[in-house]
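[1] I'll drop the sequence and a predicted model, then ask my questions.
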Amino acid sequence: MRHLISLKRQSREDILTMLDMAQKIKEKRNAGENTPYLRDKTLIMLFEKTSTRTRLSFEAGMTELGGHAIFLDARTSQFSLTDFGDEIRAVMRFGAVLMYRAKDSENVKKAASFNQIPVIDACSEKYHPAQALSDVLTMAEHSGGIDKVKKITWLGIENNVSNTLMLACAKIGIEVAIVAPEADAASVDPALRAQAEATGLVRRTLNLAEALKNADYIHTDTWMNMEFFENGRVKDEYKEEYEKRKEKFMPYQLNADLVNIYAPKAKIMHCMPCHIGYEISRDAVDHPNAIIFDQAENRLHMQKAMIMWLLEKSI
Ligand code: CP
């Protein structure tokens, strides 16, 4: 059974197959064609954390594929009352695919280990394959083919998004420059890092000029984890870490000056939500090179392809 968790098990061909499917599904949508490939199929969407894009894009995607999606908030379900393994096995009886935004990637792996239905890690502390594959689609579109993308640069903290993006790009054959003074400790996966580095395409440096030279795309993401916030405010227990990160990462903020000086042709990407004034400035979001909203939309198209691929369907 197929699962999409860290991308460690997916080959270059798997990634390119999903890219091809996503492009075809998007073309059909843009041409006004219906794509009811998953009629009567249900996607279970289990969330232990907040979301805007992931929830909307998966749910809209299933509607457009002729199927249905059920949103299940772990906080308003019975997960806290019982054994996780028992509860998730019951949950998976109701759907064809499980999309799971988990606090702990081990629980995503545990759900997948039952091999009842395909499982997608929809952003745990270590991985975000839906974001990485969607970003591959966005870069392919803006470069006129993924083979035209030669180099990306990741700025800021190494985290769940950078892990899966780095691995996807390295597998495809794209050079990845990482400018990160720190990795989010919870995100570190030595096996994933080793797999990406074995391609010889990953380079870490704190030299901005070197990292950004000839970059086709510059990516960044929040330095602050979702868990730091409650109702838009930093929780007391995370205030010290929040201040520490702000000081450490500010020299690597993605802003218009940095792009204009070091990589004036590079496109600006951010998986959103953007924390303006932290990892990205307002003038970078509004920069003519920014493709952030195309990037958000492409979650819809790529995730349809991911679900189709998991169910071994073709167009
Ligand atoms: N990029 C992303 O996953 O967005 P959400 O957290 O809003 O789902």
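    Yep, it's here.
[2] residues contacting whichever residue of the stretch 201-315 of the chain sits closest to the ligand?
    In the stretch 201-315 of the chain, the residue that lies nearest the ligand is residue 271 (4.0 Å; CB to the nearest ligand atom). The C-beta positions use only the backbone N, C-alpha and C, and glycine is treated the same way. Neighbouring residues of residue 271 by CB atoms under 8 Å, 6 or more residues apart in numbering: 53, 128, 131, 135, 161, 219, 221, 295.
[3] Show me the two of those that sit farthest apart.
    Comparing every pair within the contacts of residue 271 by CB to CB identifies 53 and 219 as the most remote, at 15.4 Å.
[4] the more surrounded of those two?
    For residue 53 versus residue 219, the count of surrounding residues by other CB atoms under 10 Å is larger for residue 219: 28 against 20.
[5] The residue lying closest to the more buried one once chain neighbours are set aside: how many residues sit nearby?
    Ranked by CB to CB, 6 or more residues apart in numbering and with sequence neighbours excluded, the top spatial neighbour of residue 219 is residue 269, at 4.7 Å. Neighbour count of residue 269, defined by other CB under 10 Å: 26.
[6] Residue 269 contacts residue 134, doesn't it?
    No: in terms of CB atoms under 8 Å, residue 269 does not count as a neighbour of residue 134; the distance is 10.4 Å.
[7] Mutual contacts of the two, please.
    The overlap between the contact sets of residue 269 and residue 134 (CB under 8 Å, 6+ apart) consists of residue 295.
[8] What residues does the closest residue to residue 143 other than its chain neighbours make contact with?
    Nearest in space to residue 143, with sequence neighbours left out and distances taken as CB to CB, 6+ apart, is residue 149 at 4.9 Å. Each residue near residue 149 by CB under 8 Å, 6+ apart is listed here: 139, 140, 143, 169, 172, 174, 216, 217.
[9] do residue 216 as well
    Applying CB under 8 Å, 6+ apart, one finds that residue 216 lies in contact with 139, 143, 148, 149, 150, 151, 152, 265, 266, 267.
[10] Restricted to buried residues, select the residues you listed in ChimeraX.
    Selection command for ChimeraX covering only the buried members of the contacts of residue 216, criterion 16 or more other CB atoms under 10 Å:
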select :139,149,151,152,266,267
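[11] Restricted to helices, list the contacts of residue 216.
    Within these, membership in helices is found for 139, 143, as judged by DSSP state H.
[12] Between the contacts of residue 216, which sits nearest the ligand?
    Set against the ligand, the nearest of the contacts of residue 216 by CB to the nearest ligand atom is residue 139 (15.7 Å).
[13] Give me the contact list for stretch 234-251.
    With CB under 8 Å, 6+ apart as the contact definition, stretch 234-251 has outside contacts at 156, 157, 181, 182, 223, 224, 225, 227, 228, 229, 278, 279.
[14] Tell me how many other residues crowd the fourth one.
    Just to be clear, that refers to residue 182. The criterion is other CB under 10 Å. On that basis, residue 182 has 14 neighbouring residues.
[15] Spatially nearest residue to it (excluding sequence neighbours)?
    Counting by CB to CB, 6+ apart, residue 157 is the residue found nearest to residue 182 once chain neighbours are left out, at 5.9 Å.
[16] how about that neighbour, phi and psi?
    With angles defined as degrees, to the nearest 10, residue 157 shows backbone torsions of phi -90, psi 140.
[17] Residue 181 versus that one, what's the distance?
    If you measure residue 157 against residue 181 using CB to CB, to the nearest Å, the figure is 8 Å.
[18] What of residue 217?
    Distance of residue 217 to residue 181, given as CB to CB: 21 Å.
[19] With neighbour numbers in mind, choose between the two.
    Neighbours around residue 217 and residue 181, counted as other CB under 10 Å, are more numerous at residue 217. The numbers are 26 against 14.
[20] The more buried one bridge partners, please.
    Residue 217 has the following beta-bridge partners by DSSP bridges: residue 152, residue 267.
[21] shouldn't residue 272 be in contact with residue 54?
    No: with the criterion set as CB under 8 Å, residue 272 and residue 54 do not qualify as a contacting pair; they are 10.4 Å apart.
[22] Compare those two (neighbour count), which wins?
    When neighbours are counted by other CB under 10 Å, residue 272 and residue 54 differ, and residue 54 comes out ahead with 22 against 18.
[23] mind listing what the more buried one touches?
    Residues in contact with residue 54, defined by CB under 8 Å, 6+ apart, are 99, 101, 122, 123, 130, 299.
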